Every structure is written in C-alpha cells, then in structure tokens.
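>>> What follows is a predicted protein model with its sequence.
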Amino acid sequence: MTGSGSSSKARNAAARMQELVPRWYRARNAGAPGALTATESGILDQLLAVLGVGLDNAREDIERLFDDLFVETCDPRLVPLIGDLVGVSVDPHVPVARQRHMVKDAIRLRRRKGTIEHIETLGWQLTGFELRVIEAKACTDERCRPRCTAVVSGTTHCVTPPRTAVVSGAVPRRGLHIEVRVAWPVRRSYRELVPVGPDIHAVDASGSVGLRRSDGTPILTSDDPAELVGPGRAIEVAMVGADALPLGPLRPIFMDLGSTVPPAYVPHHTIAIDPERGRVAGPTGPTPGIQYYRRYRLGLWQPLRAQWQVTTPARRGNGVFAFSQDNQPRPLTDAQAVNLVLFVEGECDGPEPSPNQRLLVVREPAWPPDPYQSRFFVLPPGHKYTGPDDALKHGLALDLAGLKRFFSIEDEWGWDVFSDVHFVTRFAGDPPADGTVEIDLGRGLFRVGPAHHNEDFTVRYYRPYDVRGLRTRLEEELRHHIPLGRSASFLFRDTAPGTTRVVEL
C-alpha cells in the first residue's frame, strides 16, 4: 500500500483493496481485448466496489461505538440505558438534547438536591422553559421558624434543630412560589398590517400580539428600539404607499398605542411601535388625511403553538401506524396547533370550520389532465370552502411535496416513501396498493400496503403543546425534590402580553 495511514482511512474500502491487487492483474482487467474501453472499469473493479460497500458499513458501525461511550454523542436509543447506570429515569416526552442533559448533570444535581439551582435546572429539563423560584420573605425571629422546614435560599450559615433539613442560611417561611416563564419557539413571519384607527395599524385587529426576539423572549416598551428595529433585526417595518418616498427612512421609537385614537404627536421622520401590542403608527402627516392611505409591512418572530416532531411512528397492526410515538390518535395540525380537516371537492356541503380548524381541500382532477394543477388547497383557519376561485384567492395551493410543511412519511435516508397519498376519514376495505398511503387527518393515523408492513419509517409532524400535561408532570416531579417541610405553588405564564393565554390551553 502507498500513502500514510490517515490518507488510507479517508479512502473507501474498494480503493484500498484495489491497491492490494498486483499491477499485472489490474492492467489485464482494464485492457481485455474487445470487452472494455480505456475509460471503463472491468469485472474485478466492479467486484471490489461491491465488496467495499459492506466493508465501509462495517467500519462505520465499529467507529460509531466510540461515540456511544459518551452520553453527548451516543445513539438516542442508548440515553435511557446510560441513565439507568446513574439512577436517572429519562422522561421520554422531552427532546433528546434535554434527555442527554438529564443524564450528564445527574450526579452534580443530586449533590445539590433541594436547592434553587437544582429546582430551576430540573424544571428546565422537563419543560424547556425558564423557572424562577420565589421564596417568601425570610423570618428574622428564630422562634417563628416552622418545624421541619428546609432552607433553600440565602448565603450565611445557620444552626437549626436536628429535624430540619438545612441547605443554606436564611430562615424561610413554609411556601415556595415557582413561576414558569413560557417562551414559545418562534419562526420568521411577514404581515401586512390592518388599520384599527386613524394611522394606527396592528398585526391582529381583534387583539394584542406581543413581539419577540429570535430566541422567543418578549420585547417591551422600555427596551431600546435602536438595537431591535431594522433590516435583519427582531422587528422590520416598511411603510408602503402614501408619503413613504418623501418621508424617507424613519427613526423607530417605542410608544404605548393601546388606544385606537392616534397619539398626540409622532415626530417627523419617526415611526412609533408598540411591541407589547403589535401596533405601528407613522409620523404626523403635514397634509390632513394623508395617514389614511398609509400601509405598513411588518417582519416579526411569530410564536408557534406546536412543536415539530421527527420520530418513529407507532405500529397498530395490519399496516396501520400512528404518527405519535405514544400510539395515541391525535389530529394532525399546523405550526399554530390548528387542526387540519379534510374536504374533497365535489361533496355536497363543505364543513363549517371553527377558528381552530382549517380545511385541507383535495381537488378534483382536471379534464383534460393538467400536469401543473395543484392537487391540494389549504384554507386559512375558520375559512369555509365556497369554490375553487375563492380557494385560489384566499388559500395556498400545494402539490405532494408541499404537504411536507404539515407532515411527511420518509425512509431512513429522508426521502418520501410514497408517491401517492389518499386522504380518508376511516380505514375500510382492502389495504392500499404498494407505493400508496392512506392518511386519516382526524386521528393522526396512516395505513400502508402489505409490502410496507415491516418497513421502518420516520415521520415528521406538528404536536401541539400540552401545557396541562406539562404542568402535571412538572408538579409531580418537583414535589419529590422540594426540601422537607416545604410546599410549593406553581404559576405558568407567558412572557409576552397578549400573545397566548397559557392557563386556557
């Protein structure tokens, strides 16, 4: 062999085996008369290429074992097994990254059990949200100390009776208040603002929408607009039409625009933004009535009410799978947790969707066949189907690949498995043909043909945030880690006003 060991490792197995073949055999293999040209490879090269694939796969499996030695790089299926070695029961509902953190920091947190650091870190591991532990004002009189009460805050050392668990040096009262600051994941969105008053435009005319940074944290009126407003920043505002050109660039300021009455005065070359309500007002116009013709386009980070899942579907038998890994039938939704409802063109009466539903319309095939016709429409939430022209105007046309914005069924390489998708309201009759999948949107199930019963699929879909279940799991887990003699109350609240009401989810 020629070359160093590192360069030999970089080459595939077929190339390394070919170097071991004597040069006479390689020349004879490449120059057989009447069989091959100078640019083609012979039978020996093809044989070595086939054998090299298996050797490369075996080498990758062996090298992957080095990654499995560490919880940060191991296969996700091994994280619960490594957790058992350190006495950690990994919560299967949380993402893999936080599962790894649970196992990696288990011993360090066990040594700090009952402290504020432990409670806040454990809460983040379970929910992904920031926790804040608030303790009641400490009692300065030693005689008012409750019996069997543990101290979780303070820095000075104190002497307490033997029955009291001591973790730090303040004299606490009994109750702890644990506040969960819910910061939803976000995505970039651009909106044409709607007028709600004279020269006041809003993201949503019916309510307030708190604007956020790219990490999901809220933007408040007290923040500095120079660092947050501008091209490529958290907030982008563009004025369209009217006197946009004469005014030129506008300097942003944050102002309370809670009333539909315009503010007393917005300085010239200035644009007023209310980040806590999602409202915009332009400068006071020199000509009366010019504000009526102004329009604004806003770029903002939009909170998502559902989490994008990439997982293995649950088998239910007879070729039926559930998108959710816990085998629970749940409706498929979009990124805002709005349920997808099936409607097929040609049916007599279209369903009347609620504000929490949006129609996925399956179009009738055109005649003569049009290869450029989209097969599906998705209408806005609460919008009823009144005809193809209205759907084209208000909806979004999708082809088969466009459905991946809501869900997909893929193989281990990330390719779509099925070239034909049929939407049904229930599974009945014979199973679908090979290469075809039946999808039940209302229950989050799909059925495949006999040739695909034993295949391993990867599904992608949106799972709505179950704040009630999240709160129940958090309370049950944290009550086992609160110090002896202490009680706790929990509050889930959104970090930006007007965006979501967490208690109603």
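Cool, the structure landed. Numbering: from 1, shown residues only.
>>> And for Asp411, the neighbour number?
As a burial measure, the neighbour count of Asp411 was computed by other CB atoms under 10 Å and equals 12. From N, CA and C alone the C-beta is placed, and that goes for glycine too.
>>> same check, this time on Ala15
In terms of burial, Ala15 registers 13 neighbours under the definition other CB under 10 Å.
>>> do Asp204 as well
Asp204 is surrounded by 16 other residues when neighbours are defined as other CB under 10 Å.
>>> What residues of the longest helix along the chain count as buried?
Looking across the chain with DSSP state H, the single longest helix is helix 43-67. Neighbour counts using 16 or more other CB atoms under 10 Å place Asp45, Leu48, Ala49, Gly52 of helix 43-67 among the buried residues.
>>> Please look at the third one and Ala14 and confirm they touch.
The reference is to Ala49. Yes. Checked against CB atoms under 8 Å, the pair Ala49 and Ala14 is within contact range at 4.7 Å.
>>> all helices of the chain, in order?
Ranges of helices within the chain are 5-10, 13-20, 23-30, 43-67, 79-85, 96-104, 106-110, 116-127, 244-247, 388-394, 467-478, based on DSSP H.
>>> least reliable of those helices going by mean pLDDT?
For these, mean pLDDT drops lowest on helix 5-10, to a mean of 45.
>>> before we move on, back to that, now distance to Trp413 too, for the helices of the chain, in a markdown table please.
Formatted as a markdown table, the helices of the chain follow (distance: least, CB to CB, whole Å):
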| stretch | distance to Trp413 |
| --- | --- |
| helix 5-10 | 23 |
| helix 13-20 | 21 |
| helix 23-30 | 32 |
| helix 43-67 | 14 |
| helix 79-85 | 23 |
| helix 96-104 | 20 |
| helix 106-110 | 35 |
| helix 116-127 | 32 |
| helix 244-247 | 49 |
| helix 388-394 | 34 |
| helix 467-478 | 33 |
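>>> To Tyr293, which of those helices lies closest?
Of all the helices of the chain, helix 244-247 sits nearest to Tyr293, with 9.9 Å by CB to CB.
>>> Give me the residues contacting that closest one.
Outside helix 244-247, the residues that touch it by CB atoms under 8 Å, 6 or more residues apart in numbering are Met239, His268, His269, Gly282, Pro283, Arg294.
>>> Only the buried subset of these, as a ChimeraX command please.
Of the contacts of helix 244-247, the buried ones go into a single ChimeraX selection, burial set by 16+ other CB under 10 Å:
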select :239,282,283,294
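>>> Run the chain-centre distance for the longest helix of the chain.
Taking the mean C-alpha point of helix 43-67 and that of its whole chain, the gap between them comes to 36 Å (CA atoms, centre = their mean, to the nearest Å).
>>> residues contacting Glu412?
By CB under 8 Å, 6+ apart, the contact set of Glu412 is Asp456, Thr458.
>>> okay, now the domains of this protein?
The record's domain parsing of the chain by automatic domain parsing lists 5-67, 76-152+161-182, 186-303, 306-464.
>>> Which of those domains sits closest to Arg479?
domain 76-152+161-182 (10.4 Å).
>>> Name the residues contacting each of Ala49 and Ala14.
When CB under 8 Å, 6+ apart defines a contact, no residue borders Ala49 and Ala14 alike.
>>> Do you know the pLDDT at the closest residue in space to Asp223 that isn't next to it in sequence?
Here the nearest residue to Asp223 in space, its sequence neighbours aside, is Phe254; by CB to CB, 6 or more residues apart in numbering that works out to 6.7 Å. Reading off the confidence values, Phe254 has pLDDT 94.
>>> who touches Phe254 in this structure?
Taking CB under 8 Å, 6+ apart, we find Phe254 in contact with Thr221, Ser222, Asp223, Pro225, Ala272, Ile273, Asp274, Pro275.
>>> my guess is the fifth one contacts Asp256, does it?
If I follow you right, that is Ala272. No. Contact status for Ala272 versus Asp256: not in contact, 9.1 Å apart, counting by CB under 8 Å.
>>> In terms of neighbours, single out the busier of those two.
For Ala272 and Asp256, the more surrounded residue by other CB under 10 Å is Ala272, and the numbers stand at 24 against 12.
>>> looking at the sheet around that one, what are its partners?
Ile253, Ala281 (DSSP bridges).
>>> if we can go back for a sec, how near is the residue nearest to Asp223 to Trp301?
For Phe254, the distance to Trp301 under the criterion CB to CB, to the nearest Å works out to 16 Å.
>>> Same question for Asp456.
Using CB to CB, we find Asp456 at a distance of 36 Å from Trp301.
>>> likewise Trp184?
10 Å.
>>> same thing with Ser489?
Counting by CB to CB, the gap from Ser489 to Trp301 is 31 Å.
>>> which one of the two has more residues nearby?
Set Ser489 next to Trp301 and count neighbours by other CB under 10 Å: Trp301 wins out with 21 against 11.
>>> OK, contacts around that one?
Residues in contact with Trp301 (CB under 8 Å, 6+ apart) are Val186, Arg187, Arg188, Ser189, Leu211, Arg212, Arg213, Ser214, Gly216, Ala234.
>>> Repeat the analysis, applying 6 Å as the threshold.
Under the criterion of CB atoms under 6 Å, 6 or more residues apart in numbering, the contact partners of Trp301 comprise Val186, Arg212, Ser214.
>>> Which residue, neighbours along the chain excluded, lies closest to it?
Spatial nearest neighbour of Trp301, excluding adjacent residues (CB to CB, 6+ apart): Val186 at 3.9 Å.
>>> Go ahead and confirm that neighbour touches Arg305.
No. Between Val186 and Arg305 there is no contact, the gap being 11.0 Å when judged by CB atoms under 6 Å.
>>> Could you give the number of residues near Gly278?
Look at Gly278: counted by other CB under 10 Å, it has 25 neighbours.
>>> ugh, wrong one, I meant Leu69
Counted with other CB under 10 Å, the neighbours of Leu69 add up to 10.
>>> which residues of the protein score low on pLDDT?
Applying pLDDT under 70 to the chain picks out residues 1-11, 26, 29-42, 136-174, 285-289, 366-372, 414, 494-505.
>>> my guess is Thr73 meets Asp67, correct?
Yes. Between Thr73 and Asp67 a contact is recorded at 4.1 Å, counting by CB under 6 Å.
>>> just to revisit the earlier point, could you list every residue that touches the residue nearest to Trp301?
The neighbourhood of Val186, defined by CB under 6 Å, 6+ apart, consists of Arg212, Gly216, Trp301, Gln302, Pro303.
>>> what's the spacing between the fourth one and Arg187?
Spelled out, that is Gln302. The span separating Gln302 from Arg187 equals 6 Å under the rule CB to CB.
>>> Show me which of these two is the more surrounded one.
It is Gln302, of Gln302 and Arg187, that has more neighbours when counted by other CB under 10 Å, with 20 against 11.
>>> which one is that one nearest to, not counting chain neighbours?
Distances taken as CB to CB, 6+ apart put Ser189 closest to Gln302, at 3.9 Å, once the chain neighbours are dropped.
>>> Okay, that neighbour and Phe457: tell me how far apart.
Ser189 is 31 Å from Phe457, by CB to CB.
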